Each structure stands twice: as C-alpha cells, then as structure tokens.
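*Asks:* This is a predicted model, with the sequence first.
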Amino acid sequence: MWLSDRRRFLKAVLLPALLLPACGFSPVYGPEGEAGKLQGTIEIDEPVDRDSYLLVQQLENRLGRAVVPTYGLSLALEVKPERMAINATNITTRFNVIGKATYALRDLGDGKVLQTGAVDSFTGYSATGSTVATQAAQRDAHERLMTILADQITTRLIAAAGELPE
C-alpha cells in the first residue's frame, strides 16, 4: 500500500519537476535572464504630478535608475475617481480610483519605438472617517494604484525583453 502511494507521488510531483528544465524556460532574473537587459538601462521621462511621480518611483525601484541609458520610457497616465457607495443622505462613502497608464519604450540611439502598451487597474478607499482619515486613505489608494500599474508595466517590459535589440 505504502509503496504504491510513493510511486503515485513520484509520477505526479517529481516527474514534472524533473522535466521542467527541459521545456526551455529560464529564470528571467538569472545570470543569463532577459531582465538583465533592462536593469539600469531605462531612462523614464520626468513626472508631471504626484501620481506620475509615484509611478516613476515604483518603476525605478523595479528596473533600477538608468546609469547608462539605452532605452527611454514615456508614460501617459489617466487617473479618475469613481463614486461607488452613496448613503441615504446622498453622501459618498466609498470611492474607486481608476487608473490607466500608456507607455512606449524607445531606443535612445535612433528614437525608434520598440514596444508600446497600456495597463489599467483600480483601487478603492472608504470616505466614512474624518476629513484627515479620508485624505490619508485617498493618498494611500493612489500609491497602491501606482504600485499595481508599475508591476504590470514591468512585467510586460520583461516579457518582451527578449525581442529587444542588443
């Protein structure tokens, strides 16, 4: 009984784990990973407001500040609040913050656009506390949204890094 369970375990768990390296996948942050092309090589356009500042900050945390820039990243950011919950006296008690970031990665040598895309997401916050608490919740929601958008942009850039010119 015990022997058959072990064989089933080996077939179900260990066999796929042994075959995984043969499938062609390699760690993106490994020594020969594609993310190395982007680390410290992307110069991001200057932010124009608090939200774009937070987005640039998060992107630089993930991709590193450009030491010797090879690529430039342009961003267009749209952020808007949306009322979600309204009480009987017509006061909004919950908001969503909806954001969309459009980006373009370009080669700084010749100005050619190498990759474009758009990402979007939302976060929410409650407006039921004091004015100070609501403002703090609103700022926090914007920070969380910029973190989400930066993660999505970074993921897409790294996924396409193999197609970038050397």
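*Replies:* Structure received. Numbering: from 1, shown residues only.

*Asks:* hmm, which helix or strand of the protein has the shakiest average pLDDT?
*Replies:* Here the helix or strand of the chain ranked lowest by mean pLDDT, DSSP states H and E is helix 15-19, holding a mean of 62.

*Asks:* Could you give the secondary structure assignment for residue 78?
*Replies:* Here residue 78 is recorded as strand under DSSP: H, G, I helix; E, B strand; the rest coil.

*Asks:* hang on, it packs against residue 119?
*Replies:* No: when contacts are counted by C-beta atoms under 8 Å, residue 78 is not listed as touching residue 119 (11.3 Å). Heads up, the C-betas are built off the backbone N, CA and C, glycines and all.

*Asks:* Tell me which of those two has more neighbours.
*Replies:* residue 119 (18 against 12; other C-beta atoms under 10 Å).

*Asks:* show me where the protein has strands.
*Replies:* 42-44, 71-86, 92-107, 113-126 (DSSP state E).

*Asks:* Pass me the low-pLDDT residue ranges in this protein, would you?
*Replies:* Residue ranges of the chain with pLDDT under 70: 1-7, 9-11, 13-32, 166.

*Asks:* mind listing what the closest residue to residue 52 other than its chain neighbours touches?
*Replies:* Closest residue to residue 52 apart from its sequence neighbours, by C-beta to C-beta, 6 or more residues apart in numbering: residue 77 at 5.1 Å. Residues near residue 77 by C-beta atoms under 8 Å, 6 or more residues apart in numbering: 51, 52, 55, 99, 100, 101, 102, 149.
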